[in-house]
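Asker: Following is a predicted model, sequence given first.
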Amino acid sequence: MYRIFAEIADPPDDTGSIPQMRSVLWKRLRITPNEITRRFKLAVRIRPRRSLTGPPLSPELPELASAVEDGIVGDDHIRAICQAIDVLPGSVSPADTARAERTLVEHARSVDAGIVTKLGQRIADYCSPDGVFSDEDRARRRGLHLGQQGPDGMSRLSGLLDPEARAYFEAIEAAVRPGRHQTGNDSEARDSRSAAQRCHDALKLGLETAIASGGLGVHRGHPVTVVVTTTLAELNRAAEAAFDSLVAMPTPARTGGGSRLPMRDLIRMASKAIHYLAVFDDHSERPLYLGRQKRVATVDQRLICYARDRGCTRPNCLVSGYRCEVHHSPDWLHGGRTDADKLYFACGPNHGMASRGELRTVVTASGRLGWTDGSGPPEINHAHHPDELLRGDSDPPDHLNN
């Protein structure tokens with residue numbers, strides 16, 4: 001498997017489309033894009049490499065590569081060994097790093113991955129007893145992971161902060177001391193928050209202040225802000241439900257990142273700054289139809305895409321609107337127009353495949369964008385519209401099959 005993934009990641013003849021191959025693997029193997037990326041990265045580390053002049057080089061982790069080829073270690077062992085090697089600081093000599101790899105592989109032949117992880121931690125302590133890490137070491141390990149949103153709307157955050165990021169966070173955390181910056185801004189009420197809850201509020205305060213400052217520039221031509229889509233009817237009902245317990249609160253709104261935002265939170269955010277709120281009812285008189293005068297979509301047109309598409313329009317793609325580009329259908333190179341009803345969200349890889357002709361898009365009778373690779377009729381993405389999934393809307397819609 002890793003040999004095949006290595007050949008796909010670095011084909012000998014340097015031909016083919018990597019995004020297209022990723023798409024084929026995703027559709028064929030039904031594994032997540034993150035897992036495909038993990039296998040690509042690991043395959044590069046345990047398969048022979050090529051130098052700039054052509055001759056092959058040994059793998060980055062030769063001992064682990066040999067063990068994998070012999071079928072001695074599995075994925076859990078591979079992750080544990082890679083993690084142990086990656087945590088070693090740059091000051092450790094290549095010889096010591098190779099010795100550590102060899103030792104871990106030898107133990108992986110007889111013990112489980114949990115023990116290998118602990119052995120890796122002890123080896124790291126032995127190789128760097130003073131804990132001397134360079135800026136490059138810290139930069140290599142930094143990272144935050146935002147987990148999936150749970151049924152209650154909460155999301156798990158985990159990761160490592162570098163010293164500079166921690167210094168910023170400590171300053172904000174100090175400001176959110178007991179009695180300050182409480183939910184509801186009631187400074188007179190008793191502060192019953194735990195230390196962890198105050199840390200959470202400090203992070204939220206920092207992010208809110210950064211966005212409200214307007215100093216974050218633009219993203220894909222749109223000011224960096226929170227984009228939330230809802231309908232005017234739902235917003236009115238939510239406002240009524242906030243004061244009348246007999247009125248049911250409507251379903252949560254959707255952010256440009258694809259997450260759910262309860263209506264109570266939306267109203268509270270909108271009360272602070274109206275730029276948090278984007279309500280779509282009817283077309284305004286702002287220019288949405290530019291024809292061939294301009295290729296790049298306007299801010300208004302991106303907002304229309306947020307409201308209609310919510311994310312990438314290719315079937316089963318879960319990339320949110322924040323991370324999408326605006327795709328012309330028909331394509332701009334083939335006479336496409338920069339009009340609101342001709343522009344749709346597409347993530348970078350899918351947009352590239354459509355531009356190269358590897359995928360074809362067509363605007364369906366319903367106004368949504370259909371995708372096809374030529375082997376079947378155009379299909380619409382329902383993944384960003386749970387109401388359509390619950391209704392069991394056909395994909396492709398029935399009217400496209402007739």
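Answerer: Cool, the structure landed.
Asker: What segments of this structure are strands?
Answerer: 49-50, 56-57, 143-149, 155-160, 218-219, 222-223, 228-231, 253-255, 260-261, 278-280, 324-328, 343-347, 360-363, 369-372 (DSSP state E).
Asker: which one of these lies closest to residue 209?
Answerer: strand 222-223 (15.7 Å; CB to CB). Placement of C-beta: from N, CA and C, glycine included.
Asker: Give me the residues contacting that closest one.
Answerer: Here strand 222-223 makes contact (CB atoms under 8 Å, 6 or more residues apart in numbering) with 214, 217, 275, 299, 302-303.
Asker: Dump these to a markdown table, plus distance to residue 242.
Answerer: Shown next, in a markdown table, are the contacts of strand 222-223 (distance: CB to CB, whole Å):
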| residue | distance to residue 242 |
| --- | --- |
| 214 | 28 |
| 217 | 34 |
| 275 | 21 |
| 299 | 29 |
| 302 | 29 |
| 303 | 25 |
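Asker: Just the buried residues of those residues.
Answerer: 302-303 (16 or more other CB atoms under 10 Å).
Asker: Just send the strands of the chain back as a markdown table, with mean pLDDT, mean neighbour count and distance to residue 109 too.
Answerer: A markdown table is the format used below for these (pLDDT from 0 to 100; neighbours: other CB atoms under 10 Å; distance: least, CB to CB, whole Å):
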| stretch | mean pLDDT | mean neighbour count | distance to residue 109 |
| --- | --- | --- | --- |
| strand 49-50 | 77 | 12 | 25 |
| strand 56-57 | 81 | 10 | 26 |
| strand 143-149 | 90 | 10 | 31 |
| strand 155-160 | 92 | 11 | 30 |
| strand 218-219 | 84 | 12 | 49 |
| strand 222-223 | 78 | 16 | 54 |
| strand 228-231 | 82 | 20 | 54 |
| strand 253-255 | 88 | 22 | 48 |
| strand 260-261 | 90 | 17 | 47 |
| strand 278-280 | 49 | 17 | 58 |
| strand 324-328 | 92 | 23 | 46 |
| strand 343-347 | 93 | 27 | 42 |
| strand 360-363 | 92 | 17 | 51 |
| strand 369-372 | 94 | 23 | 47 |
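Asker: Could you write out the alpha-carbon coordinates of stretch 243-262 in PDB?
Answerer: Written as PDB, here are the backbone C-alpha positions of stretch 243-262 (Å, rounded to 0.1, in the frame of the first residue of the first chain):
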ATOM      1  CA  PHE A 243     -38.700  37.000  24.600                       C
ATOM      2  CA  ASP A 244     -41.500  34.400  24.400                       C
ATOM      3  CA  SER A 245     -40.800  30.900  25.800                       C
ATOM      4  CA  LEU A 246     -43.900  29.600  24.000                       C
ATOM      5  CA  VAL A 247     -42.300  30.300  20.600                       C
ATOM      6  CA  ALA A 248     -39.900  27.500  19.400                       C
ATOM      7  CA  MET A 249     -36.400  28.700  18.500                       C
ATOM      8  CA  PRO A 250     -35.600  27.900  14.800                       C
ATOM      9  CA  THR A 251     -32.800  25.600  13.800                       C
ATOM     10  CA  PRO A 252     -29.200  27.000  14.000                       C
ATOM     11  CA  ALA A 253     -27.800  29.200  11.300                       C
ATOM     12  CA  ARG A 254     -24.700  28.200   9.400                       C
ATOM     13  CA  THR A 255     -21.300  29.900   9.400                       C
ATOM     14  CA  GLY A 256     -19.000  30.200   6.400                       C
ATOM     15  CA  GLY A 257     -16.900  27.500   8.100                       C
ATOM     16  CA  GLY A 258     -19.700  25.000   7.900                       C
ATOM     17  CA  SER A 259     -20.500  25.000  11.700                       C
ATOM     18  CA  ARG A 260     -23.800  25.400  13.400                       C
ATOM     19  CA  LEU A 261     -24.500  28.700  15.300                       C
ATOM     20  CA  PRO A 262     -27.500  28.700  17.600                       C
END
